[in-house]
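Engineer: need a structure here:
(one chain, ligands or ions: 2)
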Amino acid sequence: LADRLQSTMKKITGKGKVSEQDVKEMTREVRLALLEADVNFKVVKDLIKRIRERAVGQEVMESLTPGQQVIKVVKEELTALMGGEQSKIAVADRPPTVIMMVGLQGAGKTTTTGKLANHLRKNHNRTPLLAACDIYRPAAIDQLETLGQQLSMPVFSKGTDANPVDIATEAIEQAKAEHNDYVIIDTAGRLHVDNDLMDELEQIKTAVKPDEIFLVVDAMTGQDAVNVADSFNEQLDISGVVLTKLDGDTRGGAALSIKAVTDKPIKFAGTGEKLDGLEAFHPERMASRILGMGDVLSLIEKAQTNVDEKQAKELEEKMRTMSFTFDDFLEQMGQVKSMGPLEDLMAMIPGANKMKGLKNAQLDEKQLSHVEAIIQSMTKKERQDPSIMNASRKKRIAKGSGTSVSQVNRLLKQFNEMKKMMKQMTGMQKGKKGKSGMK
Ligand code: GDP
Ligand code: MG
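Structural biologist: Ligands and ions are numbered 1, 2, ... in the order given. Prediction:
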């Protein structure tokens with residue numbers, strides 16, 4: 001189904017004219033995809049209505065690229081539903097700032113407590129104290145203490161016999177005494193929302209007056225996550241949501257409904273079991289993910305900010321005059337690298353996240369550094385005019401770069417293919433209208 005949506009999207013993107021029938025077809029697919037991604041029914045209905053209205057409106061129909069415009073509308077509406085990016089964390093007038101973590105058992109509260117502490121220290125230079133208020137499972141305290149050790153951060157605990165309210169209160173006293181500017185309270189969860197749990201959390205809340213109450217929800221639980229968020233918010237008036245386990249293969253449709261249902265922002269996303277697996281939540285990326293489009297737009301934006309416009313213009317000129325050389329190639333690679341780890345980039349490309357063996361992918365980091373080494377081993381003349389390459393030159397380059405002749409050959413071949421492709425592209429731009437070669 002997601003594939004069908006993708007192909008519908010692709011079809012419409014290229015259209016120079018979009019009919020109401022096209023819009024209908026596309027929104028039908030979007031609707032199905034959203035329902036399948038576990039988005040709340042009512043949320044979907046309202047959303048589709050807004051998309052349809054905008055898609056058949058002037059904004060789209062009178063634009064030069066209506067197909068792309070429709071996709072943009074879909075993305076904008078989805079993004080708007082999730083609100084802006086809001087990864088800010090409150091700062092109390094008088095320290096410590098108190099953050100209370102709540103949520104069901106297994107949602108990721110304890111893990112996220114550690115991740116948040118790590119984030120606060122790393123990015124905000126803070127010195128958090130962690131408070132172990134989950135007294136129902138002895139292992140829960142151990143788990144937090146282990147995290148504290150890993151982070152070299154203090155953990156306040158009083159074992160399993162103490163009252164969670166007292167633990168939280170005393171933790172804050174200790175933080176004051178020891179000058180910890182944040183206290184993150186890890187609380188207990190249950191398998192389901194129940195009154196005992198809510199009572200206890202309310203008591204802690206009343207006692208410590210937290211500056212933030214973060215509800216931790218598991219993105220994999222889909223529609224349930226939305227109901228959970230609704231109940232916790234009713235009872236505790238949470239200040240934000242952390243959506244965990246987004247590193248899994250869930251589409252994360254819950255993200256859409258959570259904001260719509262609770263009107264509270266999703267502040268962070270959990271993206272792994274490790275302590276650095278926490279990211280600011282990006283509504284726009286989430287919108288793409290839900291639609292199964294990958295992070296195309298983010299990728300484009302990233303590329304745009306990194307590739308300096310002037311350089312791009314020069315490159316275009318070179319492509320046109322066919323004077324593109326290995327030196328340019330090297331420069332291009334530098335730019336690609338400055339965009340961040342290739343794996344991150346690949347993950348943003350639609351379909352690429354489905355490729356299990358990213359490590360074997362063409363754009364392997366290691367291969368890139370090989371390519372770099374090969375080009376660096378070429379003489380100036382060879383870089384400018386690869387056609388002079390002969391067997392002995394290739395051998396020398398392979399030796400100089402610590403690669404093999406066949407690797408050098410492969411690069412030369414790729415380079416020539418690239419040039420050929422550029423020729424076609426620039427040919428098309430000139431309006432010759434050759435075959436684009438796209439399937
Ligand atoms: P708690 O019961 O709410 O405190 O949940 P825990 O913090 O103990 O987490 C439950 C399980 O989920 C643990 O195995 C964690 O490693 C795992 N977990 C938590 N957050 C994430 C995440 O963002 N990604 C992944 N893959 N696993 C997570
Ligand atoms: Mg826990």
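Engineer: Okay, Ile99 and ligand 2: tell me how far apart.
Structural biologist: As judged by CB to the ion, to the nearest Å, Ile99 and ligand 2 stand 15 Å apart. From N, CA and C alone the C-beta is placed, and that goes for glycine too.
Engineer: How about the backbone phi and psi for that residue?
Structural biologist: The phi/psi pair for Ile99 (degrees, to the nearest 10) reads phi -120, psi 130.
Engineer: my read: it touches Lys205, true?
Structural biologist: No: taking contacts as CB atoms under 8 Å, Ile99 lies outside contact range of Lys205: 11.8 Å.
Engineer: Report the set of residues contacting both of the two.
Structural biologist: Ile213 (CB atoms under 8 Å, 6 or more residues apart in numbering).
Engineer: What residues does Val208 make contact with?
Structural biologist: Here Val208 is in contact with 98, 100, 168-169, 172, 185 (criterion: CB under 8 Å, 6+ apart).
Engineer: where does this protein have low pLDDT?
Structural biologist: 1-17, 58-68, 292-323, 332-366, 421-439 (pLDDT under 70).
Engineer: Within range of ligand 2, give me the residues from it.
Structural biologist: 109-110, 140 (CB under 5 Å from the ion).
Engineer: now the helices: where do they sit in the stretch 101-250 of the chain?
Structural biologist: 109-124, 138-151, 164-178, 195-208, 223-236 (DSSP state H, counting those that start in this stretch).
Engineer: Please list all residues in contact with Glu20.
Structural biologist: Here Glu20 is in contact with Val56 (criterion: CB under 8 Å, 6+ apart).
Engineer: Apart from its chain neighbours, what residue comes closest to Lys419?
Structural biologist: Phe324 (6.3 Å; CB to CB, 6 or more residues apart in numbering).
Engineer: Can you give me the neighbour number for that neighbour?
Structural biologist: 19 (other CB atoms under 10 Å).
Engineer: hang on, isn't it packed against Lys420?
Structural biologist: No: shown here, Phe324 and Lys420 do not form a contact pair, counting by CB under 8 Å, at 11.2 Å.
Engineer: Look up how far ligand 2 lies from the residue in the stretch 251-400 of the chain positioned nearest to ligand 1.
Structural biologist: Of all residues in the stretch 251-400 of the chain, Gly270 sits closest to ligand 1, at 2.6 Å by CB to the nearest ligand atom. Distance, Gly270 to ligand 2, using CB to the ion: 13 Å.
Engineer: Next: Ser257.
Structural biologist: Applying CB to the ion to Ser257 and ligand 2 gives a distance of 25 Å.
Engineer: and that residue, what element?
Structural biologist: helix 254-262 (DSSP states H and E).
Engineer: circling back: buried deepest among the helices of the stretch 101-250 of the chain, which one?
Structural biologist: Across the helices of the stretch 101-250 of the chain, averaging neighbours per residue (mean count of other CB atoms under 10 Å) puts helix 109-124 on top, at a mean of 22.
Engineer: Please name every helix or strand in contact with that helix.
Structural biologist: Here helix 109-124 touches strand 97-102, strand 128-132, helix 138-151, strand 182-186, strand 212-218, strand 240-244, strand 266-270, strand 278-280, going by 3 or more CB pairs under 8 Å, 6 or more residues apart in numbering; DSSP states H and E.
Engineer: For the nearest residue to Leu144 once chain neighbours are set aside, name its beta-bridge partners.
Structural biologist: Closest residue to Leu144 apart from its sequence neighbours, by CB to CB, 6+ apart: Ala132 at 4.6 Å. Bridge pairing for Ala132 (DSSP bridges) gives the partners Asp186.
Engineer: number of nearby residues for Ala132?
Structural biologist: Number of residues near Ala132 (other CB under 10 Å) recorded here: 30.
Engineer: so what's the nearest residue to Thr262 once chain neighbours are set aside up against?
Structural biologist: Of all residues not flanking Thr262 in the chain, Asn233 sits nearest, at 4.4 Å (CB to CB, 6+ apart). With contact set as CB under 8 Å, 6+ apart, Asn233 has these partners: 215, 262, 264.
Engineer: 10 Å instead, please
Structural biologist: 213, 215, 239, 241, 258, 261-264 (CB atoms under 10 Å, 6 or more residues apart in numbering).
Engineer: now it: how far from ligand 1?
Structural biologist: Separation of Asn233 from ligand 1 (CB to the nearest ligand atom, to the nearest Å): 17 Å.
Engineer: do Gly114 as well
Structural biologist: Gly114 is 8 Å from ligand 1, where distance means CB to the nearest ligand atom.
Engineer: Is it correct that that residue is in contact with Val216?
Structural biologist: No: using CB atoms under 10 Å, Gly114 is not in contact with Val216; the gap is 12.0 Å.
Engineer: Overlap in contacts, the two.
Structural biologist: With CB under 10 Å, 6+ apart as the test, Gly114 and Val216 both reach Asp186.
Engineer: what's near enough to touch the closest residue in space to Glu279 that isn't next to it in sequence?
Structural biologist: Leaving aside its sequence neighbours, Glu279 sits nearest to Ala269 (CB to CB, 6+ apart; 5.0 Å). Counting by CB under 10 Å, 6+ apart, Ala269 touches 87, 219, 241-247, 252, 255, 277-282, 285-286.
Engineer: Buried among those residues? Make that a PyMOL selection.
Structural biologist: The PyMOL selection below is limited to those of those classed as buried (16 or more other CB atoms under 10 Å):
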select buried, resi 87+219+241+242+243+244+245+246+252+255+277+278+279+281+282+285+286
